[in-house]
Structure formats: structure tokens, C-alpha cells
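# any chance you can model this:
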Amino acid sequence: MSGASRPIRVLVAKPGLDGHDTGAKLVCRALMDAGMEVVYTGLRQTPAAIAKAALEEDADVVGLSILSSAHIPLSARVAEALAAAGLADRPLVVGGNIPASDHAALRAAGVADVFPTGTRFETIVERIRARARR
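Down below sits the predicted model:
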């Protein structure tokens, strides 16, 4: 269980077949520079693998980086996998090439926050801090 005695722990994952992770790595660095512990799972993760890693790492927040157009179904599958693993209380956030018209569908699928490409790192850090399960 997380607590105030340790930094916020964020799991960052790249679900699906998207093979570009420069942005995810830059976000990881920004979160670490802000004092958070970050676990990056790497490319091409399945929803089940992401949920397992979130459980094993006791993540306070789970972040997905998705540059493909599959952000809605992938996010929904990860949210379902987190719930099945007993992690429904972990905020799920998603960043990437996500049009504003898809934000409502992502929230309906269980996403707590959306960070479109170009979101300032300071904004991401601030909103992760506000959402972290503590």
C-alpha cells in the first residue's frame, strides 16, 4: 500500500503494436525529475502484462503512451485488466496522439486523465500528483 513516506510511483507502459517510445521516455524523465518513482515497461505490452506490472510494482498511477489510433480500445482493455487484478483504485492516464473528440470516450472507458501530444511536462507532473492514489 502506498503512503506519504515514499514518492509517488508511476508505471508507464506502451500497449499494443506502437513502436515509438521517445515521448514516453521523456515523460518518464520529467516524472523522475519531479521526484516520482517511475517504472517503464517498454514497448508492445499487453493489457494483462500492464496490470500485472502495476500490481507487482504497487503503482499509484498507471500511464499509457499510445501514438496509434487504437487509444480507445487499448485504454478500455487496460482499465478492465486493472479492475480484474483488483486495481480499480489506480488512476489510469493516457497520453499520445489523442484528438479532443476522443477524450469523453476515454473517460467513459475508465481513463482518469488525458494528455494529448504537446501537453507540457509541468502539467503532466501536476495532474499526476493530484490523481495519485495516496
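
# tell me how far R133 lies from S65.
According to CB to CB, to the nearest Å, R133 and S65 sit 20 Å apart. Backbone N, C-alpha and C define where each C-beta goes, glycine included.

# the more surrounded of those two?
Between R133 and S65, counted using other CB atoms under 10 Å, the more crowded position is S65 (26 against 16).

# please name the bridge partners of the more buried one.
Judged by DSSP bridges, the bridge partners of S65 are G95.

# going forward, count from 706.
Shifting the count to begin at 706 puts that one at S770.

# tell me who's in contact with it.
If you count contacts by CB atoms under 8 Å, 6 or more residues apart in numbering, S770 has them with V717, A718, K719, D723, D726, G728, A729, V732, V799, G800, G801.

# nearest to A781, of those?
Nearest to A781 out of these is V799 (CB to CB; 10.6 Å).

# now the helices: where do they sit in this protein?
Under the criterion DSSP state H, helices of the chain are mapped to 727-738, 752-762, 776-789, 808-813, 826-836.

# gap between the spatially most central residue of the chain and S710?
With distances taken as CA atoms, centre = their mean, G768 lies nearest the centre of the chain, 0.7 Å away. Distance, G768 to S710, using CB to CB: 22 Å.

# check contacts around R836.
Counted by CB under 8 Å, 6+ apart, R836 has contacts V766, P796, V798, A817, D818.

# quick one, what contacts the last one?
Meaning D818. Contacts of D818 (CB under 8 Å, 6+ apart): P796, V798, V799, R832, R836.

# export these to a markdown table and tack on distance to K757 and pLDDT?
Output for the contacts of D818, formatted as a markdown table (distance: CB to CB, whole Å; pLDDT from 0 to 100):
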| residue | distance to K757 | pLDDT |
| --- | --- | --- |
| P796 | 18 | 98 |
| V798 | 19 | 98 |
| V799 | 19 | 98 |
| R832 | 25 | 97 |
| R836 | 21 | 94 |
